[in-house]
Every structure is written in C-alpha cells, then in structure tokens.
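S.K.: 3D model of this:
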Amino acid sequence: MMNLKLPEWLNVPFFSKLKAALQLWWALVEKWLEWPLNQLDPMTCHEGLLDVFAYKKKIRRMKNESVDLFRLRIASAYINATEAGTINGLKNILNRLNIPFVDVRQQIPGRHWAVIEVEVTQQAASDYGEFLQEVLSQYGKLCRTYEIKVVISEPLMVRAETFSYSSTVFLNK
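M.R.: Below you'll find the model as predicted:
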C-alpha cells in the first residue's frame, strides 16, 4: 500500500483529509490492478475459473468434492502427474492432497506381484473413499491392481498381574 507523506508546511486539516482520501483511492486502484494477477493462481482465482484450469489439466470435478480440495488438485496436477507411477510418488501425492494413509505396499509375499495395497484408517476410508479411488485411477500404474485396505485400530489394554500356580500329583501303587 502506498503511504503518502506531506511536507510539514502542508499538515493542515484540509490536506490531511485529502491525503487520507487519496490513500483510500489508490488502495482501491491497487486492488483493481491485482485482481487479474490473482486469477492466474488456481488457489486464489474466482471459483468460475476453476473449470477452465481443470480442463487445461485434464481434471474433472467429482460429485460432492469441496472447492478447497478441487483447488488443491488443480494446483498440484503437474507435479502429481510427473511423480505418478512410483510408490514414493503415490505417497507424495496422497500427502499433497491431504489424504491420511497408513502405508502403501507392493510385492506383498503370498500375493500376486501386480497388487499394490493402500492402507488407510477407517475414518479416512469413509471421508475420502470415492476420492481415493479417483486419485488411484488417475495417478496409478496402468498394469497394477490397487486395493484399498482399511485398518481398524482398537485400543488394547494390557495389565500386568502376578500369577502363580502349583500342582500336586498323587500316584496310586
């Protein structure tokens, strides 16, 4: 914001009011000039322009997807596409999109080599289930099968107690 300074000999009430009015005017003009620049960023642009950005990056909005999540998908579309296809890349994509997951595992012993397990908590499965399937279909390896494994964690209580046992054996002769 522009800060106008008047010479000391102009510090009279009329010019002070004029200075305040000019500062408000130039602040408004500055907002007008910044508005088109803010439309270039999908995180700050008008919601109506999001569809244009999404079309350019081949992303479609899912039913019931929040605007913030849609903005995040559009903003990170390029780096997600470059990292897609690797396990570490998939972990980075899930982190970037704020999808909580437990682990991503491949080549699991006793399973087919093309199966990749994405372990998520029960809460994440209910919140992001459909969205997670969309992310896996968009950024996953084509020749792999993805399974979403829901991990349910229950609190386990263990307590230590003393335990003693004695026995007597009587033999009849």
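S.K.: low-confidence bits of the protein, can you list those?
M.R.: Low-confidence segments of the chain (pLDDT under 70): 1-2, 6, 8-10, 142.
S.K.: how is it partitioned into domains?
M.R.: 13-38, 76-151 (automatic domain parsing).
S.K.: so which of those gets nearest Lys58?
M.R.: Relative to Lys58, the nearest member of the domains of the chain by Cβ to Cβ is domain 76-151, separated by 7.9 Å. Just so you know, the C-beta spots here come from the backbone N, C-alpha and C atoms, and that holds for glycine as well.
S.K.: ranking the domains of the chain by burial, who's on top?
M.R.: domain 76-151 (a mean of 15; mean count of other Cβ atoms under 10 Å).
S.K.: and the strands in the protein?
M.R.: Under the criterion DSSP state E, the chain contains strands at 103-106, 115-121, 145-151.
S.K.: JSON lines please, covering those and showing distance to Val12.
M.R.: As requested, the strands of the chain are arranged in JSON lines below (distance: least, Cβ to Cβ, whole Å):
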{"stretch": "strand 103-106", "distance to Val12": "70"}
{"stretch": "strand 115-121", "distance to Val12": "68"}
{"stretch": "strand 145-151", "distance to Val12": "72"}
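S.K.: quick check: which of those strands is nearest to Phe14?
M.R.: strand 115-121 (66.3 Å).
S.K.: which helices and strands sit right next to the closest one?
M.R.: Secondary-structure packing of strand 115-121 (3 or more Cβ pairs under 8 Å, 6 or more residues apart in numbering; DSSP states H and E): helix 87-96, strand 103-106, helix 122-139, strand 145-151.
S.K.: closest to Ile59 out of the strands of the chain?
M.R.: strand 145-151 (19.0 Å).
S.K.: follow-up on the earlier one: can you redo the helices and strands packed on strand 115-121 as TSV with distance to Val52?
M.R.: Shown next, in TSV, are the helices and strands packed on strand 115-121 (distance: least, Cβ to Cβ, whole Å):
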stretch	distance to Val52
helix 87-96	22
strand 103-106	33
helix 122-139	19
strand 145-151	30
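S.K.: could you pick out the longest helix of this protein?
M.R.: When the chain is scanned for its longest helix (criterion: DSSP state H), the result is helix 13-38.
S.K.: now the domains of the chain in a markdown table, with distance to Phe70?
M.R.: Output for those, formatted as a markdown table (distance: least, Cβ to Cβ, whole Å):
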| stretch | distance to Phe70 |
| --- | --- |
| domain 13-38 | 17 |
| domain 76-151 | 10 |
